[in-house]
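A.B. asks: predicted model and sequence below, questions to follow.
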Amino acid sequence: MTAGFDLASRAALLGLSPRAFVRLAQSDPRIVGDAATATTHATRRLRAWIDAGQPDVAPSSIAFHGCDEVRAILVATLASIPAPARWLATHVTWFEIGRGDRVGYMTTFDPRRSIVGDAPHVIVIAGRMADEALPSVIAHELGHALHRSWQSPIADADIAFAAPLTEIEFDARVLAAFEGDCDAAARLLFRGEHLANETAKLWGHPCGAHQCPDAIRLRIFRERMDGVADRAAQIGRQVDIDLEQRAVATIVTTPNQNLRARIT
Ligand SMILES: [Zn+2]
């Protein structure tokens, strides 16, 4: 998080003069709120919006494939969020699946929309969810798109899990990297979810009871970690949770190389 940064530092993050930064903040404080600038990737996307001339695009110009009811909710939600987030939403290909009986639209979509230099983003909305739940889900998923690694359609956590380790080795090494501190390890693994929630909240759409709050994720992770040694024993392996630099580097050196620094 950027909390505690002085104004000049926050302006410099976006490549702006302090005066230009203040003007931007006055136009809509949510644009430069902590959650909106909490990763270098989000800052880069905000910068791309600034370089494009700070456009305020019509929410109806999205690429959406799904039923009209959900499209209307998506358009209304996008109208309520800050201009750069709305602009990002027009660089995403949106799908809705699970409501109505439309099939076959997958053959017609164009997934190539992206900010210049970035990778295309795709967001799938679960149309079976209740109408009132959808705005916060939409904002949460767009929050992921804002913070996702630049040029990568894969979330940071997914990259970490792609490490060539068994699940048990992975769990054990994550735990070792944080010297047995489950909460710190969980904060790394679920950092993307936390950021998406914080971002959606900043935009006026806090996660509801239908989404998995951070506290529940922490509890589930703690329970999973409790069983690591037992599960390893069951398959005849002893898990070595000594800090091993190479494995730790695999986990910690995702595109956000300062993950640990941000957590501690
Ligand atoms: Zn999420």
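C.D. replies: All right, it came through fine.

A.B. asks: my understanding was that L88 contacts R45; is that so?
C.D. replies: Yes. Between L88 and R45 a contact is recorded at 6.0 Å, counting by C-beta atoms under 8 Å. For glycine as for every other residue, the C-beta is placed from the backbone atoms N, C-alpha and C.

A.B. asks: between those two, which contacts overlap?
C.D. replies: 115, 146 (C-beta atoms under 8 Å, 6 or more residues apart in numbering).

A.B. asks: mind checking the end-to-end distance for stretch 26-42?
C.D. replies: One end of stretch 26-42 to the other measures 19 Å (C-alpha to C-alpha, to the nearest Å).

A.B. asks: for that stretch, what is the average pLDDT?
C.D. replies: The average pLDDT within stretch 26-42 is 93.

A.B. asks: contact partners of that stretch?
C.D. replies: Contact with stretch 26-42 is made by 1-3, 10, 13-14, 21, 24-25, 43, 46, 81-85, 143, 146-150, 195, 198-199, 201-204, 255-256, as judged by C-beta under 8 Å, 6+ apart.

A.B. asks: just the buried residues out of those residues, in ChimeraX syntax.
C.D. replies: To isolate the buried members of those in ChimeraX, using 16 or more other C-beta atoms under 10 Å:
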select :2,10,13,14,21,24,25,43,46,81,82,83,84,85,143,146,147,148,149,150,195,198,199,201,202,203,255,256
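
A.B. asks: which stretches in the stretch 51-200 of the chain count as strands?
C.D. replies: Along the stretch 51-200 of the chain, counting by DSSP state E, counting those that start in this stretch, strands occupy 63-65, 92-97, 121-126.

A.B. asks: deepest in the core, which of the ones you listed is it.
C.D. replies: strand 92-97 (a mean of 21; mean count of other C-beta atoms under 10 Å).
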